[in-house]
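Q: Sequence and predicted structure below; questions after.
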Amino acid sequence: MEASSLFPTSVVGSMPRPEWLIEAIENFEHRKLPKKLMDEYYDDATKLVIKEQESTGVDEISDGEQRRFSFLAFVAEHLPSFRLTPVRELMNPEARKYARQMKLPLDIISNPVIVDRVKRTAPLAVEELEFTKMYTSKPVKVPIIGPFTLLINSWNRKKSGRVYGDPEDCFSDLTTMLREEIIALKAAGASFVQLDEPAIGNFVDYRYTRWLLALNQWRLENVEELHSIASELINRTVKGVSGVKLGVHICRGNWPADEAHLSHGGYESMINEILEMKVDQLVLEYATKRAGSFEVFKKYPWQGEIGLGVIDVKNPKVEKPEEIVERVERALKTFDREKITLVPDCGFSSGRPWPVVTRPIALQKLRAQTEAAKELRNKYS
């Protein structure tokens with residue numbers, strides 16, 4: 001493999017929004033700004049974040065998710081099958097108990113709840129991709145919500161039950177909708193389509209999972225039933241798709257909360273589902289200590305590519321390139337160097353209201369990632 005293709009660098013998706021964009025959105029929501037002008041703000045913010053990413057030297061970029069309310073909620077912004085619903089409207093005593101235990105920021109969480117038959121009546125991210133490609137010659141990654149995370153957040157017995165009596169009744173419609181979007185993204189020139197799946201990452205301790213089950217009134221005899229559902233939905237979604245790289249990002253939590261309230265533990269508890277996924281790349285968090293060690297992949301090797309998390313997005317301390325090199329070299333004892341892409345652990349702002357670090361720090365971290373990749377290429381070419 002040529003040196004230039006070793007240790008490529010990428011992003012996971014979101015970048016912090018400029019303050020002037022947040023202010024414009026608030027004005028628009030209060031009807032103080034016309035839609036035409038709001039669209040110009042979105043365009044300008046996206047062009048800015050494209051150039052900022054390019055300035056760090058990262059090899060593959062995204063549009064920074066500047067137009068999305070969150071990595072999950074944006075589905076409801078495009079499809080009438082879903083209604084963006086503040087979770088406070090869905091709460092019940094059992095869900096409230098779990099929310100208190102985890103200190104969830106309920107005031108800023110809204111879920112796309114299914115309210116009609118799930119259909120792709122409009123693109124989800126194709127227009128984002130087309131706009132981004134107008135302003136960069138670099139490969140563009142497009143993150144979209146994964147089918148399992150979308151399902152467990154969006155099927156609510158009270159709100160969705162009249163359309164789909166049980167969650168499994170919408171498996172086919174939901175995966176078809178996402179597969180159609182992936183095919184359209186491929187046709188529009190995406191280099192990588194990433195399915196974001198924090199709901200799988202929550203299998204380490206089930207705290208957030210149990211909150212969602214209580215919130216949406218799912219009826220399960222055993223929460224572990226969800227494991228096989230997760231891999232089944234992903235494989236249904238990607239079945240028959242070729243010609244574009246496909247990956248799954250197993251997120252480990254990106255709330256602006258103390259780390260103690262986020263999931264802790266390695267990938268051991270979800271390894272069976274991981275190995276069953278028919279995708280090209282796993283995007284895994286490893287910079288955070290909450291993600292455990294590489295040991296499970298020594299025992300149960302993954303044959304595909306690895307998007308290796310080397311930047312801790314929740315820590316404002318900027319990593320030194322040599323720290324990142326050390327993290328990668330530990331991973332080289334488990335994964336082939338030809339299969340590793342360097343990425344941050346997660347997006348820097350997976351929801352509009354909760355950037356986990358500032359814009360300058362996010363860019364400094366990406367620059368450190370680029371410098372580390374250069375050092376690794378020089379060493380291993």
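A: Received, thanks.
Q: burial of the closest residue to Y286 other than its chain neighbours, as a residue count?
A: Once flanking residues are discounted, Y286 sits nearest to G309: 4.6 Å by CB to CB, 6 or more residues apart in numbering. No exception for glycine: its C-beta is placed from N, CA and C like everyone else's. Neighbour count of G309, defined by other CB atoms under 10 Å: 26.
Q: Next, work out how far apart G309 and Q369 are.
A: Going from G309 to Q369 by CB to CB, to the nearest Å gives 10 Å.
Q: Report the set of residues contacting both of the two.
A: Common contacts of G309 and Q369 (CB atoms under 8 Å, 6 or more residues apart in numbering): 343-344.
Q: if you skip the residues just before and after it, what's nearest to K51?
A: Using CB to CB, 6+ apart, the closest residue to K51 is Y135 (7.7 Å).
Q: how many neighbours does the one you found have?
A: The burial count for Y135: 16, using other CB under 10 Å.
Q: Would you mind confirming that it is in contact with K47?
A: Yes: with contact defined as CB atoms under 8 Å, Y135 reaches K47; the gap is 5.4 Å.
Q: so L150 touches V75, yeah?
A: Yes: the criterion here is CB under 8 Å, and L150 meets it with V75 at 6.5 Å.
Q: looking at this protein, which helix or strand does the model trust least?
A: Ranked by mean pLDDT, DSSP states H and E, the helix or strand of the chain with the weakest confidence is helix 93-102, at a mean of 91.
Q: Now do it: distance to the chain's middle.
A: Put simply, helix 93-102 sits 24 Å off its chain's centre (CA atoms, centre = their mean, to the nearest Å).
Q: and for that helix, what are the contacting residues?
A: Under CB under 8 Å, 6+ apart, the answer for helix 93-102 is 91, 106, 207-208, 210-211, 214-215, 257, 261.
Q: among those residues, which are in helices?
A: 207-208, 210-211, 214-215 (DSSP state H).
Q: quick one on the thing from earlier: which SSE is the residue nearest to Y286 in?
A: Taking DSSP states H and E as the definition, G309 sits inside strand 305-311.
Q: Could you identify the helix or strand that succeeds that strand?
A: Counting by DSSP H and E, the next helix or strand C-terminal to strand 305-311 is helix 321-331.
Q: Against which helices or strands is that following helix packed?
A: Helix 321-331 sits against strand 305-311, strand 340-344, helix 359-380, with contacts defined as 3 or more CB pairs under 8 Å, 6 or more residues apart in numbering; DSSP states H and E.
Q: Dump that helix to PDB, keeping only the CA atoms.
A: What follows is helix 321-331, C-alpha atoms only, in PDB (Å, rounded to 0.1, in the frame of the first residue of the first chain):
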ATOM      1  CA  PRO A 321       0.200  14.300  17.800                       C
ATOM      2  CA  GLU A 322       2.500  11.900  19.700                       C
ATOM      3  CA  GLU A 323      -0.400  11.000  22.000                       C
ATOM      4  CA  ILE A 324      -2.500  10.100  19.000                       C
ATOM      5  CA  VAL A 325       0.400   8.100  17.500                       C
ATOM      6  CA  GLU A 326       0.700   6.100  20.700                       C
ATOM      7  CA  ARG A 327      -3.100   5.300  20.600                       C
ATOM      8  CA  VAL A 328      -2.800   4.100  17.000                       C
ATOM      9  CA  GLU A 329       0.200   2.000  17.700                       C
ATOM     10  CA  ARG A 330      -1.600   0.200  20.600                       C
ATOM     11  CA  ALA A 331      -4.400  -0.500  18.000                       C
END
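Q: could you check the distance from the residue nearest to Y286 over to H249?
A: Distance from G309 to H249, by CB to CB: 9 Å.
Q: Need the residues touching each of these two.
A: Common neighbours of G309 and H249 (CB under 8 Å, 6+ apart) are 283, 346.
Q: ok, and for the least confident helix or strand of the chain, which residues are buried?
A: For helix 93-102, the neighbour count (16 or more other CB atoms under 10 Å) marks 95-96, 98-99, 102 as buried.
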